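Asker: Okay, structure incoming, though there's no sequence with it:
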């Protein structure tokens, strides 16, 4: 067999992405990064993204293991398949990074985001807002005679959809946490 | 690369060595260095590191080389590290001491050189108050170190230092930095010996995937036009990797080229050697890369100086890439067989497997390939027009090579034309003999690096091949060379120009030589006398040999001012934005060689 006939890509055990090398489709991926919860670790991750020109769509971080001093950073990023692979490899070589998981390719996952919406209005608009909030299973966490604060958990798309509906009804402010995600199954 | 011995456990002067030892943070720094086998450090004192300097004063095991500028300290440590394979150690103060070290840290990061840099910091209770000589050192150096630490508690200090040595020397080597506030240096805590330090989570994979290695061997058995493309990873992997590579090359009969960083991993005198590749590499090496059907990248990283135009890079080859850093694989060039692992380990497995499978190569095709290579070699791409009246820089290096060949010789360089000519005309038979700033291209690297090499190898002949402009950037370190009796020879190819800048302006900017000449140069002979060393000036080709011999024989540092042709260009050259098969071989080819697209590239 001539080496020229060998197909693109690596062995079946390779950790590397074998998709179309010429692919320039921009994909969105959700990465879960487990890190030591030490001073400056988030700066390392963010500095990597800004220094190498990668995108961050959303980023959440919090300690998830107090005893083991581990934090979980969930990053939603976008890029060509080659860039995504590169982002994972670059994250993996940061010393306090323990694990990098690409939830988008490692099987099904659940992704949730929490958002707070402040909607101000009177009369029909106010009633409509409350009615839509019930349909979307949003909770009222603050209320005045002229405003509501709704709390909603869902996929980013659901939150986008709710925000679009609230806009003509007096949406004043949104606070979003960014995506938290876990793989499905055990 | 693995960290070697952890050194004998010596007691500090003031403390017993039985049981748990309590000591100050400053004493811990010294003790941890001893336990890590450190023999020499390069540094410069200041307010925030006084306790550590006090601890250094009270011991005699670790030698301190007092530099004249912190950048010099880091480059010296780089020279020391690259010529010994051991980590280089630096100690500087807070604020300006730390910021002056940044260029050297970035240089070491780009070239994968193991360094451990200690910086002082204002006391913990003053951090964030804009105190005197305060800088956010870990913030500034985060992107230019492999990892860094700010130690706020003396109880953690000794473990962090051991972890730092581990991180610097394991996996892809690189610089690390430990920032130590002054109160942490004064406070006392229990010392943790290296054996107890937790390093378990940073253990990069050394063995390559055997299935991928098998694939590589299969490809080698049938390849018609193979080439080994080797890099600094072979040298960083240690001398055993170079030995394995040599054995593999000899056994297969494949041609081999190397990047600037990998020179010496295969002997320049070997008949399979094609010379360096890349922008100023040889014609035969670059055409081999362009025309090959199997490229074996062993510890190189497809740098843009190597690839030229990505779209046209070696269009018809299957590519294997062995690298210890996963982020190097498929970064710029898509490869067919990526192998994550240490070069030495992978080569060992590959060689064993190839032998076990019957030592097969495609002999008839190889013979044809070598015939083609012979035709390319016959172009004699390094040829230049010599002169009887003016010293050509290439000629100066040819004479230096001829007169120092076979000596226990180490070469460092600055950055520019002289660096490329040195890579072309000097031959390296062994690894760790060639120290140059590759990735970052740091002018001012060579002089301090030559001192670092000389400190590590006091009896060797150490030569810094320099340009006058680069050399002036850190010339204050001649004073260090004198103080520590480091007889490094400064071989300055003086063309009174910033040669490479001038060359690009000639090719790219209509011969408008903006700011690219060296005005008001010092008299280098008098400068040498002022430093207390020897100065030699030569301008006639007839005097060159005698002058070089005088330089070699002189017992001490020499500043060798070699006045060379002012407008010589460095060829061959792949213009930026061009593929390998569009090389320029001489001045006649240069008209309109670089298009508008290429001009934006560096």
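Answerer: Perfect, thanks for sending it. Just so you know, these numbers come straight off a predicted model, no measurement behind them. Numbers count the residues shown, from 1 in each chain, chains lettered A, B, ... in the order given.

Asker: Every contact and neighbour count from this point should use C-alpha atoms.
Answerer: Will do.

Asker: remind me which residues of chain A are low pLDDT?
Answerer: Applying pLDDT under 70 to chain A flags the ranges A:1-23.

Asker: Any idea which residue of it lies closest to chain B?
Answerer: At 4.6 Å from chain B, residue A:89 is the closest residue in chain A, using C-alpha to the nearest C-alpha.

Asker: What about that residue, how many residues nearby?
Answerer: Number of residues near residue A:89 (other C-alpha atoms under 10 Å in any protein chain shown) recorded here: 19.

Asker: Hmm, residue B:324 and it touching each other?
Answerer: No - taking contacts as C-alpha atoms under 8 Å, residue A:89 lies outside contact range of residue B:324: 11.7 Å.

Asker: in chain B, which helix or strand is least confident?
Answerer: Of all the helices and strands that make up chain B, the one with the lowest confidence by mean pLDDT, DSSP states H and E is helix B:596-599; it has a mean of 67.

Asker: Other residues contacting stretch A:93-107?
Answerer: A:29-36, A:41, A:44, A:88, A:91-92, A:109, A:181-184, B:146-147, B:201-202, B:325-327 (C-alpha atoms under 8 Å, 6 or more residues apart in numbering or on different chains).

Asker: The stretch 1-150 of chain B against chain A: which residues are in contact?
Answerer: Counting by C-alpha under 8 Å from any C-alpha of the partner chain, the residues of the stretch 1-150 of chain B lying close to chain A are B:142-143, B:146-147.

Asker: let's see 7 Å
Answerer: With the criterion set to C-alpha under 7 Å from any C-alpha of the partner chain, the stretch 1-150 of chain B comes near chain A through B:142, B:147.

Asker: all strands of the stretch 301-450 of chain B, in order?
Answerer: For the stretch 301-450 of chain B, the strands defined by DSSP state E, counting those that start in this stretch occupy B:318-323, B:337-340, B:409-413, B:434-435.

Asker: Of those strands, which is nearest residue B:550?
Answerer: Smallest distance to residue B:550 across those (C-alpha to C-alpha): 16.0 Å, for strand B:409-413.

Asker: Can you name every helix or strand that the closest one contacts?
Answerer: Identification of packing neighbours for strand B:409-413 by 3 or more C-alpha pairs under 7 Å, 6 or more residues apart in numbering or on different chains; DSSP states H and E yields strand B:434-435, helix B:446-456, strand B:461-467.

Asker: any idea how far the residue of chain B found nearest chain A is from residue B:333?
Answerer: Using C-alpha to the nearest C-alpha, residue B:327 is the residue of chain B that sits closest to chain A, at 4.6 Å. The gap separating residue B:327 from residue B:333 is 12 Å, by C-alpha to C-alpha, to the nearest Å.

Asker: just residue B:411 next, same as before
Answerer: With distances defined as C-alpha to C-alpha, the gap from residue B:411 to residue B:333 amounts to 31 Å.

Asker: out of the two, which sits in the more crowded spot?
Answerer: The residue with more neighbours, out of residue B:411 and residue B:333 and counting by other C-alpha under 10 Å, is residue B:411; that gives 26 against 18.

Asker: what's across from that one in the sheet?
Answerer: Each beta-bridge partner of residue B:411 is listed here: residue B:434, residue B:463, as defined by DSSP bridges.

Asker: re the thing from before, so for the residue of chain A closest to chain B, what's the nearest residue that isn't a sequence neighbour?
Answerer: Spatially, and ignoring its direct neighbours in sequence, residue A:89 is nearest to residue B:327 (4.6 Å; C-alpha to C-alpha, 6 or more residues apart in numbering or on different chains).

Asker: Could you check what's spatially nearest to residue B:43, not counting adjacent residues?
Answerer: residue B:91 (4.5 Å).

Asker: my read: the one you found touches residue B:117, true?
Answerer: Yes - counting by C-alpha atoms under 7 Å, residue B:117 is a contact partner of residue B:91 at 5.9 Å.

Asker: Need the helices and strands packed on strand B:409-413 in TSV (columns: mean pLDDT and mean neighbour count).
Answerer: As requested, those are arranged in TSV below (pLDDT from 0 to 100; neighbours: other C-alpha atoms under 10 Å in any protein chain shown):
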stretch	mean pLDDT	mean neighbour count
strand B:434-435	98	26
helix B:446-456	98	31
strand B:461-467	98	28
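
Asker: tell me the contacts of the residue of chain B closest to chain A?
Answerer: Taking C-alpha atoms under 7 Å, 6 or more residues apart in numbering or on different chains as the criterion, residue B:327 is in contact with A:86, A:89-90.

Asker: From the residues you listed, pick the one nearest residue B:65.
Answerer: Using C-alpha to C-alpha, the contacts of residue B:327 come closest to residue B:65 at residue A:90, 35.6 Å.

Asker: Using the three-state scheme, assign the closest one.
Answerer: helix (DSSP: H, G, I helix; E, B strand; the rest coil).

Asker: And the helices in chain A?
Answerer: Under the criterion DSSP state H, chain A carries helices at the ranges A:41-51, A:81-92, A:123-135, A:156-166.

Asker: which helices and strands does the third one pack with?
Answerer: Right, helix A:123-135. Using 3+ C-alpha pairs under 7 Å, 6+ apart as the contact criterion, no secondary-structure element is in contact with helix A:123-135.

Asker: Which parts of that helix count as buried, going by neighbours?
Answerer: Neighbour-count burial for helix A:123-135, counted by 16 or more other C-alpha atoms under 10 Å in any protein chain shown, picks out A:125-126, A:128-130, A:133.

Asker: For residue B:560, which residues are in contact?
Answerer: Under the criterion of C-alpha under 7 Å, 6+ apart, the neighbours of residue B:560 are B:490-492, B:535-537.

Asker: Just the element for it, please.
Answerer: Assigning secondary structure by DSSP states H and E places residue B:560 in strand B:558-563.

Asker: Specify the angle between that strand and strand B:461-467 in degrees.
Answerer: Strand B:558-563 and strand B:461-467 meet at an angle of 40 degrees, taking axes from the mean of the first three to the mean of the last three C-alpha atoms, to 10 degrees as the criterion.

Asker: Okay, now the sheet partners of strand B:558-563, with direction.
Answerer: Sheet partners assigned to strand B:558-563 using DSSP bridges are listed as strand B:489-494 (parallel), strand B:534-538 (parallel).

Asker: For those strands, give me TSV that also has mean pLDDT.
Answerer: TSV is the format used below for the strands paired with strand B:558-563 (pLDDT from 0 to 100):
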stretch	mean pLDDT
strand B:489-494	98
strand B:534-538	98
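
Asker: Pick the most buried one from the ones you listed.
Answerer: Mean neighbour counts were compared across the strands paired with strand B:558-563 using mean count of other C-alpha atoms under 10 Å in any protein chain shown; the top stretch is strand B:489-494, at a mean of 26.

Asker: tell me the contacts of the spatially closest residue to residue B:75 that is not a sequence neighbour?
Answerer: Nearest residue to residue B:75, sequence neighbours excluded (C-alpha to C-alpha, 6+ apart): residue B:449, at 5.1 Å. Residues near residue B:449 by C-alpha under 7 Å, 6+ apart: B:75-76, B:78-79, B:412.

Asker: Select from the residues you listed every entry located in helices.
Answerer: Per DSSP H, those map to helices at B:75-76, B:78-79.

Asker: possible to save the residues you listed as TSV with pLDDT?
Answerer: Output for the ones in helices among the contacts of residue B:449, formatted as TSV (pLDDT from 0 to 100):
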residue	pLDDT
B:75	98
B:76	98
B:78	98
B:79	98
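
Asker: quick one: the strands in chain A?
Answerer: Counting by DSSP state E, chain A has these strands, from start to end: A:27-36, A:58-65, A:70-79, A:97-102, A:109-120, A:139-143, A:147-154, A:171-183.

Asker: buried set for stretch A:32-49?
Answerer: Neighbour counts using 16+ other C-alpha under 10 Å place A:32-37, A:40-42, A:44-45, A:48-49 of stretch A:32-49 among the buried residues.
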